[in-house]
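Chemist: structure of the sequence below:
(chains A and B)
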Amino acid sequence: MIARAGRPSAHALAFAGVAILLLAAAAVLPLDAPPLALFACPFRAATGLPCPGCGATRAFHYAVRGRFCEALSFSPLATLVAAACGAHAVWTVLRLAGLPFAPRLENTPRARWVAAIALLANWIFVSVQGRL
Amino acid sequence: MKRREIPGCFAEVGIAPPPRKLLGRPAGPAVDVLEGAVLARCPSCRNTFSTDRPGRQDCPVCGKPLVVPEPPAAPPTPGDLAPEPAGTPWERRAELGFFTAWMQTLQQALLEPGKLFASARLDRGAAQLGFAVLNTSVFWALGQLLERPLLMGQRDQLRRILEGMSGNPDVAPVVQRLLEAQLQAGSPSWVVALALLTPVFTFLLLYVNAALTHGIAVILGQAKRGFPATFAACAYACAPLALLAVPACGSIVGLIWLVALTAVGMKVTHRISTTGAAASVLAPYFVLCCLMLAAFGTLTLALRRAVGQP
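Modeler: Predicted structure coming up:
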């Protein structure tokens, strides 16, 4: 839902900064060298199953390089988050330039169920697909 | 429908029945439907008319003068009764002074968290971010300064072990790089670089933590007052990171305290139950713990493999 809005809030600006930092880190840091190479999921090491966040680093890595199919194969939800980070950063810049519209997310029960199911579905996908 | 009698016998205020209850009448506003602020009844001709202003006026039917009294004020809602919070000491640092405000905020966060979170203003996100970044950065740097002389012996011992292992050809290349990084990490240049990057990491982690906490709170239906309330809880919950200045166990105690304080903050700022607050806070930490412990897990595994243990 797009609604009329004024200038971005302090939190919106900060989130844009966070999004740019995350995307820049994903673009610059190689997967097979420290510090990213040092990350190993202890939940997976202990249980043999990936955690809900497993695959996010690789998904960000491929998403910022435009290889969305590979990114989606590692973690669809993290790929969406990476895309959302980029979209939010661009939109915030446009709002700073004078765009008077902003996306408005409704906190409805249906939206909450969709989010919960998306999390669960992503976890199941990551567990079953087993590319990690 | 209820009709309210206004004392004074000049007029009567009430709400007319809706048109659907009056068969055969058009669905538009009827003559006596409340159009303005009140419905009034002329004490002379007993006709009812609507008016949007109180005071002296003429009856639109008979033309006689009458006085429409002020409608009684609506009963105050609980939201109206709650006074606007004055702000935490840190948010009032302009009047209290920088250092006094910082210390009072720390004291309240550690000893009277309910009072601190209740006084937090949700429109002061930038100030709350400043508190978290300043507090974490300063005490982390202080901890590094104190840890260096106190744990010098342990560091030297670890360095000797790592130097011995880094020459071992059986150690995997990734582990080699890890060992080299460990050796470099103790150098003063690394400490200065980390000290400069700590505010950036704090900013990043604070927002990631707040976003995760808020996301889980939204899914659980506990985000009653929007993201600024979650952010205030997460920002002031960084107060126990003052324990980063305590060598060895300070960081662990500080992190556990931070989690508990975030739950208290969520409860107060969102005005939700203890169970809802605890669930909102613990679920993302489960995910974050995976990320934060990852490096430690890998290091342990790598060291075990390097020394030949299964």
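Chemist: isn't residue B:93 right up against residue B:104?
Modeler: No - the criterion here is Cβ atoms under 8 Å, and residue B:93 misses it with residue B:104 at 9.3 Å. Placement of C-beta: from N, CA and C, glycine included.
Chemist: need the residues of chain A near chain B, please.
Modeler: A:9-11, A:14-15, A:17-18, A:21-22, A:32-35, A:37-43, A:45, A:51-53, A:107, A:109, A:112, A:115-116, A:119 (Cβ under 8 Å from any Cβ of the partner chain).
Chemist: mind redoing it with 7 Å?
Modeler: Residues of chain A lying close to chain B (Cβ under 7 Å from any Cβ of the partner chain) are A:10-11, A:14-15, A:18, A:21, A:33-34, A:37-43, A:45, A:51-53, A:107, A:112, A:115-116.
Chemist: filter these to the buried ones?
Modeler: A:10-11, A:14-15, A:18, A:21, A:34, A:37-38, A:40-43, A:51-53, A:115 (16 or more other Cβ atoms under 10 Å in any protein chain shown).
Chemist: not counting sequence-adjacent ones, nearest residue to the residue minimising distance to the centre of chain A?
Modeler: By Cα atoms, centre = their mean, chain A has its centre lying nearest to residue A:81, at 2.1 Å. The shortest distance from residue A:81 to any non-neighbouring residue, by Cβ to Cβ, 6 or more residues apart in numbering or on different chains, is to residue A:56 (7.5 Å).
Chemist: next, count neighbours for the one you found.
Modeler: Residues within reach of residue A:56, counting by other Cβ atoms under 10 Å in any protein chain shown, total 23.
Chemist: for it, phi and psi?
Modeler: Taking degrees, to the nearest 10, you get phi -70, psi -40 for the backbone angles of residue A:56.
Chemist: any idea how far residue A:46 is from it?
Modeler: Going from residue A:56 to residue A:46 by Cβ to Cβ, to the nearest Å gives 19 Å.
Chemist: what of residue A:2?
Modeler: 44 Å.
Chemist: next one: residue A:72
Modeler: 27 Å.
Chemist: before we move on, what about residue B:269?
Modeler: 34 Å.
Chemist: more neighbours: these two, which one.
Modeler: Of the pair residue B:269 and residue A:46, residue B:269 is the one with more neighbours under other Cβ under 10 Å, namely 24 against 9.
Chemist: OK, contacts around the more buried one?
Modeler: B:117, B:120, B:225, B:229, B:232-233 (Cβ atoms under 7 Å, 6 or more residues apart in numbering or on different chains).
Chemist: same thing with residue B:277?
Modeler: B:222, B:263, B:266-267.
Chemist: helices or strands up against the helix or strand of chain A with the lowest mean pLDDT?
Modeler: Ranked by mean pLDDT, DSSP states H and E, the helix or strand of chain A with the weakest confidence is helix A:42-47, at a mean of 74. Where contact means 3 or more Cβ pairs under 7 Å, 6 or more residues apart in numbering or on different chains; DSSP states H and E, helix A:42-47 is packed against helix B:274-306.
Chemist: what average pLDDT does the helix it packs on get?
Modeler: Across helix B:274-306, pLDDT averages out at 69.
Chemist: give me the below-cutoff pLDDT ranges for chain A.
Modeler: A:34, A:130-132 (pLDDT under 70).
Chemist: all strands for chain A, in order.
Modeler: Ranges of strands within chain A are A:2-4, A:101-103, based on DSSP state E.
Chemist: what would those look like in CSV with mean neighbour count?
Modeler: CSV is the format used below for those (neighbours: other Cβ atoms under 10 Å in any protein chain shown):
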stretch, mean neighbour count
strand A:2-4, 8
strand A:101-103, 14
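Chemist: separation between residue A:106 and chain B?
Modeler: 11 Å (Cβ to the nearest Cβ, to the nearest Å).
Chemist: that residue reaches residue A:3, doesn't it?
Modeler: No - the pair residue A:106 and residue A:3 fails to qualify as a contact (Cβ atoms under 7 Å) at a distance of 10.3 Å.
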